Each structure stands twice: as structure tokens, then as C-alpha cells.
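Asker: okay, predicted coordinates and the sequence, questions at the end:
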Amino acid sequence: MTQSIHILLVEDNPADVDLTLEALSEDKIANSVDVVKDGIEAMAYLRREGQYHDAKRPAVIFLDLNLPRKDGREVLCELKQDPELCDIPVVVLTTSKEEEDIMRSYKLHANCYISKPVNLAEFHRVVRAIDSFWFQVVALPPK
């Protein structure tokens with residue numbers, strides 16, 4: 001029996017949101033995904049504030065770094081310092097290939113760092129690999 005995994009996708013680019021959702025749905029894994037478009041919304045969602053008062057706790061977060069209002073680096077730092085949230089795995093999924101971003105993300109305790117491919121087929125392959133690894137291989141923290 002396939003376990004349903006809840007994902008929080010923090011992404012401001014509507015095209016990347018669509019691509020990610022499409023790639024995740026291709027494998028027919030019983031995942032549910034909520035999407036927020038910036039870092040302020042991400043933290044409100046995770047802390048169940050305001051309109052997110054009944055938000056589900058995600059099993060994993062897909063986090064873009066280059067976000068408006070509060071960038072992904074700030075979200076990662078805040079998230080990993082919060083005792084209630086720090087155990088949620090974070091997959092950085094971003095366009096940046098800069099060594100500085102990679103090192104900083106790991107120092108802020110990202111669980112993995114993946115640069116988004118620009119090629120559509122490659123993007124789908126990467127998201128399917130994320131799906132396969134994080135939802136079929138890895139033991140996620142209990143809710």
C-alpha cells in the first residue's frame with residue numbers, strides 16, 4: 001500500500017510549479033502538494049498562522065532559494081532554528097548552481113541541494129528521481 005506523502009512546494013515561478021506538479025503526478029504516487037509563492041507565506045504555512053491555521057504539516061519541503069519578500073535562505077535558516085519545524089526535511093530545488101549557495105544551504109542544514117535543469121525532459125527526470133528517493137527509499141520523520 002502506498003503511503004500518502006504531504007509536500008510543501010515553496011516556489012514563485014508558476015511554470016516551475018506546473019512542471020513540478022506534473023512530474024510528481026506522472027508516477028501516480030499518492031502525494032498531496034500545497035504551494036506557497038514566497039518565504040513569508042512559507043513560514044506562515046509552517047506555523048499555521050492566518051489563512052494557514054489548518055495547514056497540514058509537510059513530510060518534506062521543496063524550497064526555491066530565489067523568492068520574493070523572504071528568500072529561501074532566510075526560510076531555511078528560520079525553519080532549522082525552530083524546534084517545532086527543524087526535523088522537516090528540506091530539498092532545495094533552485095536554478096542556482098553557485099558554490100556559495102550550495103555551501104550556505106548545507107550549512108543552514110538543507111537535506112539536499114538540486115539545481116533545476118532548464119531542459120523539460122531533464123526537469124521531469126530530476127523531479128521523478130526526487131520523488132523516488134524521498135518517498136520510496138528514505139524513512140521520513142514521524143508526523
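Answerer: Great, that's in hand.

Asker: is it true that residue 117 lies in a strand?
Answerer: No. Checked against DSSP: H, G, I helix; E, B strand; the rest coil, residue 117 lies outside a strand; its state is coil.

Asker: which one is it nearest to, not counting chain neighbours?
Answerer: What sits nearest to residue 117 in space, not counting adjacent residues and going by CB to CB, 6 or more residues apart in numbering, is residue 123, at 4.9 Å. Any C-beta I mention is one placed from the backbone N, CA and C, and that applies to glycine too.

Asker: pLDDT score for the one you found?
Answerer: Looking at residue 123, its pLDDT is 83.

Asker: which intervals of this structure have sub-threshold pLDDT?
Answerer: For the chain, the stretches flagged by pLDDT under 70 are 1-3, 27-30, 143.

Asker: what's the spacing between the spatially most central residue of it and residue 8?
Answerer: The chain has residue 62 as the residue nearest its centroid, 0.9 Å off, counting by CA atoms, centre = their mean. Distance of residue 62 to residue 8, computed by CB to CB, to the nearest Å: 7 Å.

Asker: kind regards, and thank you for your time.
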